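# Generate coordinates for the sequence data below:
(2 chains, ligands or ions: 2)
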Amino acid sequence: MAEKKLMKGNEAIAEAAVRAGCRFYAGYPITPQNEIPEYMSWRLAEVGGHFVQSESEVAAINMVFGSAGAGGRAMTSSSSPGISLKQEGISYICGAEIPCVIINMVRSGPGLGGIQPAQCDYFQATKGGGHGDYRMLVYAPSSVQECVDLMYTSFDKAEKYRLPVMILGDGMLGQIMEAVSLPPMRDLNTIPKKKWATTGEGFGDTRRIINSLYIVPDELEAMNIKLQNIYDSMAVNETLVEEYLVDDADIILTAYGTVGRIAKSAVDILREQGVKAGLIRPITVYPFPTASFQKAASGKAKEFLAIELSMGQYIEDVKLSVEGKKPVRFFGRSGGNIMSPEDIVAFVTKENK
Amino acid sequence: MSIVFEKTSFLTDTSMHYCPGCTHGIAHRLVAEALEELGVKGHVVGVAPVGCAVFAYNYFNCDMQQAAHGRAPAVATGIKLTDPDNIVFAYQGDGDLASIGIAEIIHAATRGTNITVIFINNAIYGMTGGQMAPTTLIGQKATTCVYGRNAETNGNPIKVCELLATLTGPSYIERVSLGDVKSVKQAKKAVLKAFQNQIDGKGFSFVEMLSSCPTNWHMTPTQATSFVSNEMQNMFPLGVFKEVE
Ligand SMILES: Cc1ncc(C[n+]2csc(CCOP(=O)(O)OP(=O)(O)O)c2C)c(N)n1
Ligand code: SF4
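Ligands and ions are numbered 1, 2, ... in the order given. Now for the predicted structure:
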């Protein structure tokens, strides 16, 4: 782990994917994530993998479907409008239980929106996004190092639960340069073989079929129940959260991703000013770290402040977790605007007067 | 007693759901026979479309993936690049390939991806109940053009082989017919060549099969095959549109 390098978020996450064993990437250019396909285009060739600049995001996600269905470690990346286009494919991937990784470096919306950072795809990422009853494991890293670390284990998690992992970043995270420790190159022989993958040997009883079509209602319901059970076990085993100075806090700031990091700085400033602030930063936004909120809501905290680069999406999960025990207030920016730690401090101190 | 005719081992024992007189069954048989004759057992992955052939994964005796509507060439691309030694084919209808999936087929073709695509052109949306397809003939009736397709209001049919033949990428493009026995024999040769090309690493190969949908054409099976041999062949001429040696 000694190797430290100064890298852009997008490039670091691409390198981490390669080191995690990713050997297939398909994607379509869109700002602010273009460094990922650009990096993959030469890097995958170096390690004997394949890169395709696809004709669209729709084609890209379906290429990932095919590659991952054949047992490879495959991923795609995009930003908001492109992720919208991938939704049918993501739904098929969930229905067919195919492990893969999808990166969304979120930009502001709706519509063509803008190219500046935002968190306005929160509902889409955490509640399903496409058609049908499905979820993904959704990571929300707040630094380039965290991008690398989460990316590195994403394929293992995707394969463990047989579902897509989404890395929910934003334009800021993709563009920022930070020093990172890169993990070692994964020996592909250590990746468990997938018995269900269409590797071509199937014949007669050994045929493998990758499919999401269930014509018989009882069979489809059984499939949906199976998926829900998987999500339940994921909630037990995979929920990640950072809690900072929560125990004695009067006010709990809560935010995820880059905003979580800005909020952490705000907590430090508030503490210096004598305001007992704390932070809950979900690292997985699905499954959601409900327990951290419930504990804080039953404890000393007087109130919560949900901070997000969207118009009131993240706050819904916070409220569901706090269960009305304490007030939850909202501080959001949108359109590509970002709050500074000082903006948060000003909001808290003004509101508290 | 000697065996004179057998079911090919590349088809499973599952009975097919296709309507009586539907040529999907013949097309399946041709693909399966070709795979068997080429001796590629244990190295094949097929991609089923959305359309009447969605259940193709129950019929072809090999590993199969079922793709989203129109996306079979993209799925096949992912499979092929992951296991380049496998023979990968996509089997698609005209709505699937020439309408919603027109971008995927054009780009798989222009990339020259070394896959084989079997295109079933029955000039109608079979599975959804007979709506107009991108290949529906001028004058042909469908549930969304009840007086017959009219170029002014419904646009003109797409000739996919001719379209793909303008590209540099494909190695082989042929249109065949399933309308009569002689044509079916030619179709078999085309399918064999399309797979042989893939084995030889020549790149993207494409076989369009003029097919029937007696159910949604509201015809008897014999009327339907005669429609294929006459009206359809008039609109969609048979032949090799591209072949790279
Ligand atoms: C995204 C999407 N749009 C529409 C459909 C509905 N649909 C199912 S099959 C089909 C048309 C199939 O027609 P074709 O490809 O010509 O195949 P055929 O049934 O005639 O063999 C349509 C529109 C779908 N499943 N998915
Ligand atoms: S609806 Fe048409 S294409 Fe579909 S199985 Fe019946 S005859 Fe064949």
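
# For the spatially most central residue of chain B, give me the backbone phi and psi.
Centroid-nearest residue in chain B, with CA atoms, centre = their mean: residue B:119, separated by 2.2 Å. For residue B:119, the backbone dihedrals (degrees, to the nearest 10) come out as phi -110, psi 110.

# Grab the nearest non-local neighbour of it.
Distance criterion CB to CB, 6 or more residues apart in numbering or on different chains; nearest residue to residue B:119, sequence neighbours excluded, is residue B:208 at 4.4 Å. C-beta: built from backbone N, CA, C; applies to glycine.

# OK, contacts around that neighbour?
Counting by CB atoms under 8 Å, 6 or more residues apart in numbering or on different chains, residue B:208 touches B:119, B:121, B:160, B:161, B:173, B:174, B:175, B:176, B:236.

# Name the nearest of those relative to chain A.
When the contacts of residue B:208 are ranked by distance to chain A (CB to the nearest CB), residue B:160 comes first, at 16.4 Å.

# ok, that closest one touching residue B:117?
No - counting by CB atoms under 8 Å, residue B:160 stays clear of residue B:117, with 9.9 Å between them.

# re the thing from before, restricted to strands, list the contacts of residue B:208.
Taking DSSP state E as the definition of strands, the contacts of residue B:208 contribute B:119, B:121, B:173, B:174, B:175, B:176.

# so which of the residues you listed would you say is closest to ligand 1?
Distance to ligand 1 across the ones in strands among the contacts of residue B:208 (CB to the nearest ligand atom) is lowest for residue B:121, with 8.1 Å.

# what does chain B put close to ligand 1?
Neighbours of ligand 1 within chain B, by CB under 6 Å from any ligand atom: B:50-53, B:69, B:93-96, B:120, B:122, B:124-128, B:133, B:213.

# What remains of those residues if I keep only buried residues?
By neighbour count, with 16 or more other CB atoms under 10 Å in any protein chain shown, the residues of chain B next to ligand 1 hold B:50-53, B:69, B:93-96, B:120, B:122, B:124-127, B:133, B:213 as buried.

# and stretch B:116-125, is it in reach of ligand 2?
Yes - against ligand 2, stretch B:116-125 shows contacts by CB under 6 Å from any ligand atom at residue B:122.

# Quick one: end-to-end distance for that stretch.
By CA to CA, to the nearest Å, the extent of stretch B:116-125 from end to end equals 22 Å.

# Quick check: mean pLDDT of the helix ranked longest in chain A?
Secondary structure of chain A read by DSSP state H shows that its longest helix is helix A:217-238. Regarding helix A:217-238, the rounded mean pLDDT is 98.

# what does stretch A:181-193 give?
In this model, stretch A:181-193 has an average pLDDT of 97.

# mind listing the helices for chain B?
For chain B, helices defined by DSSP H occupy the ranges B:24-37, B:56-59, B:72-82, B:94, B:102-111, B:151-154, B:160-164, B:181-199, B:214-217, B:221-227, B:233-235.

# What is the second one packed up against?
What it means is helix B:56-59. strand B:44-48, strand B:63-66 (3 or more CB pairs under 8 Å, 6 or more residues apart in numbering or on different chains; DSSP states H and E).

# hmm, that helix touching ligand 2?
No - shown here: helix B:56-59 not in contact with ligand 2 (CB under 6 Å from any ligand atom), separated by at least 11.5 Å.

# Run the chain-centre distance for that helix.
15 Å (CA atoms, centre = their mean, to the nearest Å).

# Which positions in chain B make contact with ligand 2?
Proximity of chain B to ligand 2 (CB under 6 Å from any ligand atom) is limited to residues B:18, B:19, B:22, B:24, B:52, B:122, B:126, B:127, B:213, B:214, B:215, B:216.

# Those residues: which two are farthest apart?
Spatially, the most separated pair among the residues of chain B next to ligand 2 is B:127 and B:214, at 14.4 Å (CB to CB).
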